[in-house]
Structures are given as C-alpha cells and as structure tokens.
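*Asks:* Please work out how this folds:
(2 chains)
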2 protein chains.
Amino acid sequence: MSTAAFLNDFHHVATIGATTNNGVDRQAATADDARTRDWFANVVSHAGWDLHVDGIGNMFGLLEWTPGAPFIMIGSHLDSQPLGGRFDGAYGVIAAVHAARTIDAEVAESGAIPRFNLAVVNWFNEEGGRFAPSVMGSSVFAGLFDREQMLDVTDLQGISVREALAGIGYLGTDTGPAVAGYAEIHIEQGRILERESITIGLVDSSWYTQKLDIEVLGEQSHTGATAMADRHDALVAASKIILMVHDVTDDFAEEALVSSVGQLTLEPNSPIVVARRVHLVADLRSADPEIVKAARETLLRNIDALARTHDILVNVTDFDIRPIRRFPEAGIDLAARVADSIGLSSRRIQTMAGHDSVAMNTMVPSIMLFIPSVDGISHCEREFSTEADMVSGLEMLTAVARELVVGALTPMTGTATVITAGEPAVEALAAAGGSAIGGAS
Amino acid sequence: MSTAAFLNDFHHVATIGATTNNGVDRQAATADDARTRDWFANVVSHAGWDLHVDGIGNMFGLLEWTPGAPFIMIGSHLDSQPLGGRFDGAYGVIAAVHAARTIDAEVAESGAIPRFNLAVVNWFNEEGGRFAPSVMGSSVFAGLFDREQMLDVTDLQGISVREALAGIGYLGTDTGPAVAGYAEIHIEQGRILERESITIGLVDSSWYTQKLDIEVLGEQSHTGATAMADRHDALVAASKIILMVHDVTDDFAEEALVSSVGQLTLEPNSPIVVARRVHLVADLRSADPEIVKAARETLLRNIDALARTHDILVNVTDFDIRPIRRFPEAGIDLAARVADSIGLSSRRIQTMAGHDSVAMNTMVPSIMLFIPSVDGISHCEREFSTEADMVSGLEMLTAVARELVVGALTPMTGTATVITAGEPAVEALAAAGGSAIGGAS
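*Replies:* Below you'll find the predicted structure:
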C-alpha cells in the first residue's frame, strides 16, 4: 500500500469545507458535503469499482469479484459537525478506500478470489448536527429507522432531508449491497489510548444513551413594562433546567454519566420580549443504563417542581434511546490477533459516542476500531491524530478486511448472516435467535 | 366623529397578520407589515391627503391646509412583535387617522385655517423584534440614529433593513415634513390606570434603560465523548448569566428594576455538540439611573467571576443606553386641562417601555397619552383594552391635536422649535439651551 497516497488523499479531503482554524464544516447534504461526495464518487470510478447510491444518500463503492456473492463492507462518513474536525468520519472512509485498493490489487495479482466481495461506504448524516437523529444513513440501511420518516426530517430552516439530498444530486435509487460483515476505523474521541500509549482500540460495546426533548412554555410579555412578579419567563425556567441537566452528573461517580444540552431554540427571540417558548434537547450517556434511568428520574422530578414554582408548562419526551450494543466477541478476538500479527498494541475499549458500526452491528457481525485522539478532543477544530497513528490504523483496517473477505468471522454453514438492506434487522436477528452475532462467537 | 368607523377600522387592521389566539404577527418590513402599510396608504389617499414615505420607511399622511407651514404630527406604529397584541401601536395610528379626519372636517366646515398643518404618521420598526434597536424609524427621523447605519442592520437571517424595505416597496425617497409638535396615544402596558380606574395616563417621563450585549465563548466538543471536567460549555455559563440578570432585581426594592434576557443564539446548536458560543442580550430598566448602573456593576463583577470559574471568555458591551426623557410640563398641563374639559379622568404616569414619542420629544414638544391595559399584559396575544377606553382615548387625542394645531403648545415668537427631519436634534436642543422644551414650559 502507498502511505503517501493515503495521506495525500486525507489532506486533500480536509481542504473541502476547510475552516480557518484547521477544521472542516461539511454538514450533511450541504454543498461542501456534496464536494466530498463527488471526491468519493470519483475515487470509486477511477478504481474501476461500481458506485451505488441508495434512497437515503448512502454511497457504496462495490468491488464485485464474484457476481452475486455478499459483501464485506468497510467505511465511515464524510459529513462533519459545524466547525468540526478533519478526522471524525473522514479518516475511516479514506482508510477504507485505501484498504480496498490494496486488497483489490492483491486479488488481481494472486488470482485467488475471496469468498466475499468488498464494498467501501460513505454513510449519510452520521453527525446529526443539521438533521436529527444522528447515525441516520446506516440506521436506515440496517432497518433501525424508517426511510420515509427520515426523508421527512427537517433542519432548523425547514428544509427536509429529501429536499436537501435531491438538491445536491445524491438522493439515489439503488438498494445497496447484500452484506455479510462490517468493519470501521475511527478516532477514539477520548483520552484512553493516548494515556496508555496504545495504538488500536478494540470496541467491545457502546454506551447507553438517550435524549430528552424538553419544551418550556411560558408567556410572552414586554420586557420593559411587565412587572417581574407577573412574568412567566420560559428562558429563566429553561436556564434552570440546563443547569439541572449539567449538575445531575454530580449524583454519580466521576465520569459515570455525561450529560449536556447542545440544542436550544427560543421564541420569539426578540430583545424586548420575555420568552414564550424554549425548546431544548438534553443528552444523557452512561456505560450503565441504570445510571441514565436514575438521572432521568431525578430530572423529571426536579423539572416538575420547577414548572409548579414558575407556573409554567414543561413537556418532556424521551427519544433516541440507544441501548448498550455489544460487538461480537469473535470479531474482537480476530482484531486482537490481527493487531498482534502486525505488531500493533491494542486493548478493549467502550465507545461513548454513537457510530455507524453500532447500527451495522445490529444487522451483521461488525468490528469497530479506534486510533488515538490527541487530548481526547473531538467535534471541534482542534481535533487531532498523528499521521503515524493514522497509517497504523490503515494497516490494521486493511489486515482486518483481508480476514473478513475470506470469511474469518462468518461461519461457512448457510447464509443466515447475510442480510439485504431494508430488512427489519432487529426482528430478523431476534427470529434467528441472535444467530448473526451468537453464531459467530 | 364616527365611533363606529373608528372601531371598524381597528378591527379590520387586527385581521392583518392575525394569529389564532387573537393576536397579530406583523414584524417590521414583512409581508404582513406591508399589508397594514397598504391599508394606511389607501386611507390617506381616500381622505385626499398627500402620502410621503421617507428613507427609513416612515409613512406620513399630510393635511397641508397652509402650504409651507410646519406640521403637528400624530400617530404611532403598525408593526408588532412576533405573536404580539392587536393594540400596541396600531391603536395609536388608527386613532390618529380618525382624529385627523375629524379635524379636517372641522377645518373644512369652519373655514378657519389653523396655524399648523397636521400629519398622521406610521413609524417604521418601533418594536425592534426583527431589527434591533427598537424605535428605529422615529429615532432616525429625530436625528438620534444614523439612517445609513440603520439601513445596514440585519435580522437573524442576514437580511438588511434596506433589502427588507425595498422588498416590500417602502424604502421611500421623501424627507418627511417639517414638524412643530407631536402627540401619540398608546395602551399603558402596565396595571396602574386599570387599578385606579383612570382613563387617561399623562406620561411625564420615560424610564432609564440600557442593554448589555453578552457573548459567551466556550469550546465546542462532543457531548458524548468529552469528559464533564474537560468541557468549556458556553450554554451552561450562559444559563448562569441569564439567572444572574433575573436575580439582580432582588437587590433593589420591589419593581424598582426590571431585567430580562429575551434574545439568545447558540452555536453550533447541534444536539450532540457542547456549545462553543452563546450570544444574548440583557435589558435593564428603572426609573432611577443609579439603580441600573448599580445592577450593571453587580452583573459585570459576577460575570467576571463566572468566566474565571468556567475558564471561558465572556465579552460584555453596553449598548442602546436611553436616558430618562422628561416630557414638557406645558404639554402635560395642556393634556390634563383637555381631559378635564371632556370629562375624562387622568393622572401623571411614567413609561417603562420605549415609544416613538420619547424619540420625537428630543426634537419637538411632545405629548404622550395612555389608555388602560387589562391586566397590564402586552407584547402578547392576550393584550387587551376595552372599546370604551379606546373611544375615550380617540376623543382625547382629537381634542389634544385640535389644541396643538392652533399653537397651544408652541410660543408665537420665532420658529426655533420647528425642526426639519434629519437635523441632529440633540445637539440642536443643547445649542438652543433646551429651548424647544424649556421655551414651551
């Protein structure tokens, strides 16, 4: 493999939607997202692979060595947060492209056709900054979210996913490949690997997460002429709720729970009008579902008391609840052996952040890999990983994909683990007694 | 005068931009603001008066009985807050139109030409909900704000006043009339008149007000993957500032100070990103400038301590400082005598809210009148005043305007008090030793 070509592609993609402080701003289905998509389409076409785009904007580059055989899929996402970093997502897509090139060349040279075909993927809207919920494209592909419902989601300007994708020419009509396994590499977005000087994280599970949609309904009035005692100020009440969401983490051991309010809209948002409505989204995450549930109970109780004190209505709705997802032990073991064999240090790790691999893992056996993040910083222009770690990660992903295409994680008996996009994967897994994961472990 | 025609016009205008809960939404230079402007233009033209529109969108209907003589001006504003009430501003414009009709008919019938001509006015953007600062059109007319600077002000979507006014066809080229006096009637937006069962408020002064522009600069990071201790959350810090702005009123006697945050924007405003920047506007008002200054000092001290604790940067800028403005005693006395003569109860009152009359009073002797507000509610769909009070107020405004056009508030000696729009009024007043007001008292 050509390390130089890989780094060259990485630094080129980082120029698309580049910000002044070394970050990128490529929110889903914007003009800059379209430019990275054009780059991806161009790379796929130059490599001689087929490009498919599905009905939620996911892009697949298909290396179909055996017509009709299922695919091992590798990739991540090219969209970013507003003023996000260059690494989050883009690193995984570009590494996948170069891993696929290497394996494609090896297949051509050796003439030995692997059991599975290989696909590289750029998932739509992993970030969810413009269109909520996040991890949208892969969740639709895995049958976790309804496609039509997601196409109707709108951004804060009222533009729907459907309109935005059609507008940039990436609302496709392909269905995506039948898939037998998935692997992804990503920056850690935490400090553990850096602190322990370990190169590869082997993700064994994702944190339990949930969001609370909170609507605070006060009464609009004149900021100058309304007596303080006569006000029902939605923003004052909302500010107390934001602090409750922050402070509830103190009820638990340090870092056992993370919480935040990242989205808030205010109506009417006029400097001389007391706010009538504040809409905000709280995000709660923990490795222990009971901690999230206890924090939620505390918040509901305190918000109820606040609403009474302020004579204000507060509507709280649970949404986007994501249970702990465990990656298959066989995949973790396989990745650990691969890391050893190429001389890279590794350890098991959890992910606090959501990832496309978490959605894909509900559908097919999946392997999630991390490389270190400097200072654990992400979703930020300061996000950084070293070129040495990026190159090690590329070697790791390449070696893992090489194992997957020959069937190292897939039992030879039957095709029960091969699932076509759009099937209700969770139900399919349940009906199969969890065989997609259990059968492989 | 025809009470029925007046009420009919009032209820008709309330249908323009009507909301489901009996309010109106006619923010400055929107399509619905344009429709009330068309209504005003049509009424002026049907009455046979000249319509002038100036370079900041103020509309004047001119009753020029004596070519070249200065004008007494009466009116208010037809724009509203988002989901505002039907009465705020619109009542004063419609009352002015009907007062002018009555006086026009009297002049025609008697053949006695008054000393001054009469103008009805619909000021641009009194509310300031879309374009800050408020009281924009009359302040430009009075020479308090620079016209070009105001035309460059943008709304939250980045549309400038210039573009918005041109877009609805109301960026005029007239200069507006030379003016010798001003009168306005408005709803009180407080509870004093209602509580004391008094029909007319004689405004003697405006409250001291100032705004603080507050920018909170944290660091953007991932809500899931960033440890609580590593965050610099701009929204958590901003929430504490909002509560400080609210709680600082407790340092003073009840209702001696009102304060609020009505405008706030959050960046990047993504549900899974810790906020990097919050921009908010705090509004402080009191009858006593020393109270506002003391509250501001407390806030600056507490915000500074907060910024250190959170390791966050907070920029605070004073703006829109409006000193106490006193209305001329001669005008208050005149209005009190007029109320007595037509059998209406009256009392002196202060205004906590800003008004076009406060700006006009820096330019020419002005009279500001209030009618009662039910429950003191305003900037809200629930805003209400009775038809009986509205009709009494129309009688009052008509009688006051009748006195003003014959020169009851303007000394016969010289024309020092007649000021043409665009002159730097404050300096002119200062240079004249405050003669515009002092000379009349």
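*Asks:* can you pull out the strands in the stretch 151-300 of chain A?
*Replies:* Ranges of strands in the stretch 151-300 of chain A, per DSSP state E, counting those that start in this stretch, are A:179-187, A:200-206, A:208-217, A:221-222, A:257-267, A:273-274, A:277-286.
*Asks:* quick one, which of these is nearest to residue B:108?
*Replies:* strand A:221-222 (39.9 Å; C-beta to C-beta). For every residue, glycine as well, the C-beta is placed using N, CA and C.
*Asks:* name the helices or strands packed onto that closest one?
*Replies:* strand A:273-274 (3 or more C-beta pairs under 8 Å, 6 or more residues apart in numbering or on different chains; DSSP states H and E).
*Asks:* And chain B, is the strand it packs on touching that?
*Replies:* Yes. Counting by C-beta under 8 Å from any C-beta of the partner chain, chain B has neighbours in strand A:273-274: A:273-274.
*Asks:* what's the pLDDT at the residue nearest to residue A:140 when sequence neighbours are not counted?
*Replies:* In space, residue A:140 comes closest to residue A:56 once its chain neighbours are excluded; the distance is 4.5 Å by C-beta to C-beta, 6 or more residues apart in numbering or on different chains. As predicted, residue A:56 sits at a pLDDT of 98.
*Asks:* mind checking how far residue A:56 is from residue A:29?
*Replies:* 10 Å (C-beta to C-beta, to the nearest Å).
*Asks:* now swap in residue A:283 and tell me
*Replies:* Taking C-beta to C-beta, one finds residue A:283 at 23 Å from residue A:29.
*Asks:* Compare neighbour counts for the two and give me the winner.
*Replies:* Neighbours were counted for residue A:283 and for residue A:29 using other C-beta atoms under 10 Å in any protein chain shown; residue A:29 has more, 27 against 22.
*Asks:* ok, for that one, nearest residue in space, not its chain neighbours?
*Replies:* Residue A:29 sits nearest to residue A:164 (C-beta to C-beta, 6+ apart), 3.6 Å away.
*Asks:* still on that earlier bit, what's the least confident stretch among the strands of the stretch 151-300 of chain A?
*Replies:* When I compare the strands of the stretch 151-300 of chain A, strand A:221-222 is least confident, with a mean of 84.
*Asks:* strands paired with it, and their directions?
*Replies:* Sheet pairing of strand A:221-222 (DSSP bridges) gives strand A:273-274 (antiparallel).
*Asks:* so where's chain A shaky on pLDDT?
*Replies:* Within chain A, the ranges that satisfy pLDDT under 70 run A:1, A:411-441.
*Asks:* now the helices for it?
*Replies:* A:3-13, A:31-46, A:90-110, A:136-141, A:147-151, A:161-167, A:192-196, A:234-247, A:289-310, A:329-341, A:356-360, A:387-405, A:425-431, A:435-438 (DSSP state H).
*Asks:* quick revisit: could I get the strands of the stretch 151-300 of chain A as TSV with distance to residue A:154?
*Replies:* Compiled in TSV, the strands of the stretch 151-300 of chain A are given as follows (distance: least, C-beta to C-beta, whole Å):
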stretch	distance to residue A:154
strand A:179-187	28
strand A:200-206	27
strand A:208-217	15
strand A:221-222	30
strand A:257-267	13
strand A:273-274	25
strand A:277-286	14
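*Asks:* With chain B as the reference, measure out to residue A:173.
*Replies:* Distance, residue A:173 to chain B, using C-beta to the nearest C-beta, to the nearest Å: 30 Å.
*Asks:* Now do the contacts for that residue.
*Replies:* A:53-55 (C-beta atoms under 8 Å, 6 or more residues apart in numbering or on different chains).
*Asks:* again with residue A:73
*Replies:* Applying C-beta under 8 Å, 6+ apart, the residues contacting residue A:73 are A:60, A:118-121, A:177, A:179, A:181-183, A:360.
*Asks:* Also within reach of chain B: list those from these.
*Replies:* Within these, nothing lies near chain B by C-beta under 8 Å from any C-beta.
*Asks:* of the residues you listed, closest to chain B?
*Replies:* Chain B has its nearest neighbour among the contacts of residue A:73 in residue A:360, at 18.1 Å by C-beta to the nearest C-beta.
*Asks:* Could you tell me how many residues sit around the closest one?
*Replies:* 29.
*Asks:* what's the answer for residue A:162, then?
*Replies:* Around residue A:162 there are 20 residues (other C-beta under 10 Å).
*Asks:* Need the contacts of residue A:73 in a markdown table (columns: distance to residue A:334).
*Replies:* As requested, the contacts of residue A:73 are exported to a markdown table (distance: C-beta to C-beta, whole Å):
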| residue | distance to residue A:334 |
| --- | --- |
| A:60 | 23 |
| A:118 | 16 |
| A:119 | 19 |
| A:120 | 20 |
| A:121 | 20 |
| A:177 | 22 |
| A:179 | 17 |
| A:181 | 10 |
| A:182 | 13 |
| A:183 | 10 |
| A:360 | 16 |
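*Asks:* quick check: domain ranges of chain A?
*Replies:* A:3-207+A:324-438, A:208-321 (automatic domain parsing).
*Asks:* Check the offset of the longest one from the chain's centre.
*Replies:* It stands for domain A:3-207+A:324-438. 9 Å (C-alpha atoms, centre = their mean, to the nearest Å).
*Asks:* One more: the last one?
*Replies:* Distance of domain A:208-321 from its chain centroid, counting by C-alpha atoms, centre = their mean, is 25 Å.
*Asks:* can you give me the end-to-end distance of that domain?
*Replies:* 8 Å (C-alpha to C-alpha, to the nearest Å).
*Asks:* on that earlier part again, what number of residues lie near the residue nearest to residue A:29?
*Replies:* 26.
*Asks:* do residue A:192 as well
*Replies:* Neighbours of residue A:192 (other C-beta under 10 Å): 16.
*Asks:* what's the distance between it and residue A:151?
*Replies:* 37 Å.
*Asks:* Quick one, which of the domains of chain A gets closest to residue B:327.
*Replies:* domain A:208-321 (17.1 Å).
*Asks:* Would you mind measuring from the spatially most central residue of chain A to residue A:88?
*Replies:* Nearest residue to the geometric centre of chain A (C-alpha atoms, centre = their mean): residue A:355, 3.1 Å. Residue A:355 sits at a distance of 10 Å from residue A:88 (criterion: C-beta to C-beta).
*Asks:* Pull up the overlap in contacts between those two.
*Replies:* With C-beta under 8 Å, 6+ apart as the test, residue A:355 and residue A:88 both reach residue A:186.
*Asks:* Let me know the closest of the contacts of residue A:73 to residue A:369.
*Replies:* Nearest member of the contacts of residue A:73 to residue A:369, counting by C-beta to C-beta, is residue A:183, at 7.2 Å.
*Asks:* For that closest one, which non-adjacent residue is closest in space?
*Replies:* residue A:367 (4.4 Å).
*Asks:* same check, this time on residue A:311
*Replies:* residue A:232 (5.8 Å).
*Asks:* Same check on residue A:154?
*Replies:* Closest to residue A:154 by C-beta to C-beta, 6+ apart is residue A:160, at 5.0 Å.
*Asks:* burial of the one you found, as a residue count?
*Replies:* So residue A:160, with other C-beta under 10 Å, has 16 neighbours.
*Asks:* just so I know, which of the helices of chain A lies nearest residue B:209?
*Replies:* helix A:234-247 (19.0 Å).
*Asks:* How about the residues of the stretch 251-400 of chain A by chain B?
*Replies:* Counting by C-beta under 8 Å from any C-beta, the residues of the stretch 251-400 of chain A near chain B are A:254-255, A:258-276, A:281, A:283, A:285, A:351-354, A:376-382.
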